[in-house]
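Colleague: Got a predicted structure here, sequence first:
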Amino acid sequence: MARSSLFRFLLVIVCALALAAPVFAANLQISPVLINLRASQGAGGISLQNLGERPIHGQVRVYAWEQRGGEDVLTPTDELVASPPIMEIAAKTSQTIRLVRRGGAAPGPERAYRLLIDEIPRGDEATSGVAIRLQYSVPVFVAPSDEASAPNLAWTVVRRGGAWMLELKNSGGLHAQIGAATLVDGAGKEYELSKGLLGYALAGRERVLRLPLAPDAKLSGPLTVRANVNARPLTATAGVVP
């Protein structure tokens, strides 16, 4: 499976992980669900709590997170190391996974990573045929050495291949997390794009997101986008290419 396809598959499972509250899935609680490391911060951590009656086994992997050609791309990296990489959490206990940075401060825009946490069935779970292997994805951002500029987004709605897409260009030095988004056309008609997380535009990158609009939707400009960007309300004008 291509890394971009792998990433889209992961987001289908765990896109809710990008919001602020701890995540509950099956018997595993993960907190925090978004990690920001300062330029001078050499390590961080994430807590995994087993709320169930049986042990949880799994592995933790770290990927560098890029956006190329409008798509998310994950690449294995050793710039950020998870310790321990293998987990065994007894029932009703918790474990802390440390994230240790290698190398100096990030030059230019912030660096972005994805922490992938896999639950791995063991013993009778693996042979019974009823166990479900769960996978979680947690975003990790490392601030650059210098004061980075805030996200600066350009919004364009385009029709491509019979579907409506949102092109997000972020010329700022920090990522933009887009949530609770609504599109308003020139006639005042509102289109709900997302109640929760819509997606991310990484620093200095472009992300293309498919919009939940009917292919025959008639959008008349000018378009207005109302969204939460990094948990703050924002209203912006969007261009449209029919």
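Modeller: Happy to help now that I have it.
Colleague: Could I get the buried residue list for the strand or helix carrying Gly58?
Modeller: Secondary structure from DSSP states H and E places Gly58 in strand 56-68. Using 16 or more other Cβ atoms under 10 Å as the test for burial, strand 56-68 gives Ile56, His57, Gly58, Val60, Val62, Tyr63, Ala64, Trp65, Glu66, Gln67. Using the backbone N, CA and C atoms, a C-beta is placed for each residue, glycine as well.
Colleague: Serialize the residues you listed to CSV and add fields for distance to Val138 and pLDDT.
Modeller: Listed next are the buried residues of strand 56-68 as CSV, based on distance: Cβ to Cβ, whole Å; pLDDT from 0 to 100:
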residue, distance to Val138, pLDDT
Ile56, 16, 92
His57, 18, 92
Gly58, 13, 93
Val60, 10, 96
Val62, 10, 97
Tyr63, 11, 98
Ala64, 14, 97
Trp65, 11, 98
Glu66, 17, 97
Gln67, 17, 97
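Colleague: For the strand holding Gly58, name the packing helices and strands.
Modeller: strand 71-76, strand 80-83, strand 86-89, strand 111-119 (3 or more Cβ pairs under 8 Å, 6 or more residues apart in numbering; DSSP states H and E).
Colleague: Tell me how far the closest residue to Glu88 other than its chain neighbours lies from Pro85.
Modeller: Excluding the flanking residues, the one nearest Glu88 by Cβ to Cβ, 6 or more residues apart in numbering is His57, at 5.3 Å. Distance from His57 to Pro85, counting by Cβ to Cβ, to the nearest Å: 12 Å.
Colleague: now this protein, which segments are flagged as low pLDDT?
Modeller: Counting by pLDDT under 70, the chain shows low-confidence ranges at 1-26, 104-108, 123-132, 146.
Colleague: And it, what are its domain boundaries?
Modeller: 3-142, 153-241 (automatic domain parsing).
Colleague: So what's the gap between the longest one and the chain middle?
Modeller: If I follow you right, that is domain 3-142. Offset of domain 3-142 from its chain centre (Cα atoms, centre = their mean, to the nearest Å): 11 Å.
Colleague: The last one now?
Modeller: Taking Cα atoms, centre = their mean, one finds domain 153-241 lying 16 Å from the centre of the chain it belongs to.
Colleague: same question, stretch 234-242
Modeller: With Cα atoms, centre = their mean, you get 23 Å for stretch 234-242.
Colleague: Which of the residues in that stretch are classified as buried?
Modeller: Buried-residue list, stretch 234-242, by 16+ other Cβ under 10 Å: Leu234, Ala238, Val240.
Colleague: And for the spatially closest residue to Arg38 that is not a sequence neighbour, the neighbour number?
Modeller: Excluding the flanking residues, the one nearest Arg38 by Cβ to Cβ, 6+ apart is Ala143, at 5.4 Å. Applying other Cβ atoms under 10 Å, we find 20 residues neighbouring Ala143.
Colleague: Phi and psi next, for Ala143.
Modeller: Main-chain dihedrals, Ala143, degrees, to the nearest 10: phi -70, psi 150.
Colleague: With Lys218 instead?
Modeller: Torsion angles, degrees, to the nearest 10, at Lys218: phi -100, psi 110.
Colleague: Same question for the one 4 residues further on.
Modeller: Taking degrees, to the nearest 10, you get phi -80, psi 150 for the backbone angles of Pro222.
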